[in-house]
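K.L.:
Please work out how this folds:
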Amino acid sequence: MASTPHRPHLLAKSRSAVLADRAIAAIWEKGLHAQPPLEVEPLWRIGARGFSPEDEAFGRSAQDVADFRERLDLLCRSLREEADLNSLGHTMAYGQITSAIRVRHSLGRLWRQKTGIEKTPIVAPIIVVGQMRAGTTRMHRLLAADPAHAGTCLYHAMNPVRSFPDWRPLKTWLGLSLARKINPWMDNMHPFGATRVDEELPWLAHALSPAALEAQYRIPSYVAFSEARDAAPVYAEFERMLRTDAAMMRNAALPRVLKCPQYAEDLAALLGRFPDARVVVTRRCQDEVLASTISVVASQMAYQSDTADLAEIELEWRRKLDLRDQRVEAALNGFDGPVSEVEFNDLGEDWVKQIARVYRELGLDLTEAAMAAMRAEQGRAQRSPHHGHRESYSTLVDA
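P.N.:
Numbering: from 1, shown residues only. Sure thing, here's the model as predicted:
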């Protein structure tokens, strides 16, 4: 992989992003292609093309169907009225929404064809919970490296329904290659790989959770709606996807290690689906978490809106981090299962010691095979470019 280019400031845009935005705007202005609407009906026609109405509803309750439709309507309104998208951001939002509709129908069709796959019995998962930038990825990948556990591959998260032949790894790799052109700093923030174990963020995005969207777009009304709304329908869909994936991967007998920063906000709803789960909570100094989060969010918003504002991003994510802390504590106060907590710096200083403690506190068996796999994962992580992120954002924030 090529070296990460210099990032002059937190709202920097790559040359590729600027050129892509200009090209898309020119295509619309010259009438070569119409600007795609961010309205529910045309988005639905595109996303549901080739599917039957039964594919939307199959395996889902009336509440789940209604929740998705309401989310879609409010999200589109927020994107149109609040996000102030440039041409590239508009195009990306259009693509994300039509993809979510398409995935939803693809899953329903799969469940109709393979009866009961969405109800596959699975072993209780291990849930890694923590703020964005608090060491959740490191803990997640160490635990998932254990041969006695399972993890979600990125290409499965991006495309939960298998195609024949299965082009999902290639499609995900191509998608990452394009994303790196637009945002050349993304691997500096999170180590991506099409076939690597990664968080289930795309599954939540397919259910129109705000998890991925609020880190890309200014959509305050949709965020407020989502925070005030019961997340149960989102996690009902999430559970169906998890059980489906376990059946396709034939690893339902292994505990899946789950991880996404959004779980901190929705932990009560997630534990409501999996009350017998084991939980690992990662902690980090709030100032460090906030500075790193601002860096990540700014890098995504910058190329999708020309009016992204650092002061606004900081204010919003300071509030957001406080909310997630409060919700984690509230959810854990009502949870009787095993919980282990890990400090970010402690994990960095002696991950072997911390892993051994986590396994003891969760009642897991730490085998030699597990340690060997974790050492290999740790070696891979040490070679990742994301280790330079702390230095880069610290310099930019201080400036």
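
K.L.:
Assign residue 342 to one of the three secondary structure states.
P.N.:
Classification of residue 342 using DSSP: H, G, I helix; E, B strand; the rest coil returns strand.

K.L.:
again with the one 3 residues further on
P.N.:
State at residue 345, reduced to three classes by three-state DSSP: helix.

K.L.:
Please tell me how far the spatially closest residue to residue 64 that is not a sequence neighbour sits from residue 65.
P.N.:
Among residues not flanking residue 64 along the chain, residue 233 sits closest, at 4.6 Å (CB to CB, 6 or more residues apart in numbering). For the C-beta atoms, the positions are set from N, CA and C on the backbone; glycine is no exception. As judged by CB to CB, to the nearest Å, residue 233 and residue 65 stand 9 Å apart.

K.L.:
neighbour-wise, which of these two wins?
P.N.:
With neighbours defined as other CB atoms under 10 Å, residue 233 and residue 65 compare such that residue 233 has more, 23 against 15.

K.L.:
where's the more buried one relative to residue 67, distance?
P.N.:
Plainly put, residue 233 is 4 Å away from residue 67 if you go by CB to CB.

K.L.:
Repeat that for residue 55.
P.N.:
For residue 55, the distance to residue 67 - CB to CB - is 17 Å.

K.L.:
more neighbours, these two?
P.N.:
residue 67 (22 against 19).

K.L.:
helix, strand or coil for that one?
P.N.:
Following three-state DSSP, we place residue 67 in the helix state.

K.L.:
need the contact list for it.
P.N.:
Taking CB atoms under 8 Å, 6 or more residues apart in numbering, we find residue 67 in contact with 229, 233-234.

K.L.:
For those residues, give me CSV that also has pLDDT, distance to residue 171 and secondary structure.
P.N.:
Output for the contacts of residue 67, formatted as CSV (pLDDT from 0 to 100; distance: CB to CB, whole Å; DSSP: H, G, I helix; E, B strand; the rest coil):
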residue, pLDDT, distance to residue 171, secondary structure
229, 96, 32, coil
233, 97, 28, helix
234, 98, 25, helix
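
K.L.:
Out of those residues, which comes closest to residue 90?
P.N.:
Distance to residue 90 across the contacts of residue 67 (CB to CB) is lowest for residue 234, with 24.8 Å.

K.L.:
Just to check, the residue nearest to residue 64 is in contact with residue 62?
P.N.:
No - counting by CB atoms under 8 Å, residue 233 sits too far from residue 62 to count as a contact (10.4 Å).

K.L.:
ranges for the helices of the stretch 51-200 of the chain?
P.N.:
Secondary structure of the stretch 51-200 of the chain (DSSP state H, counting those that start in this stretch): helices at 53-57, 62-81, 87-113, 136-145, 154-158, 168-182, 186-189.
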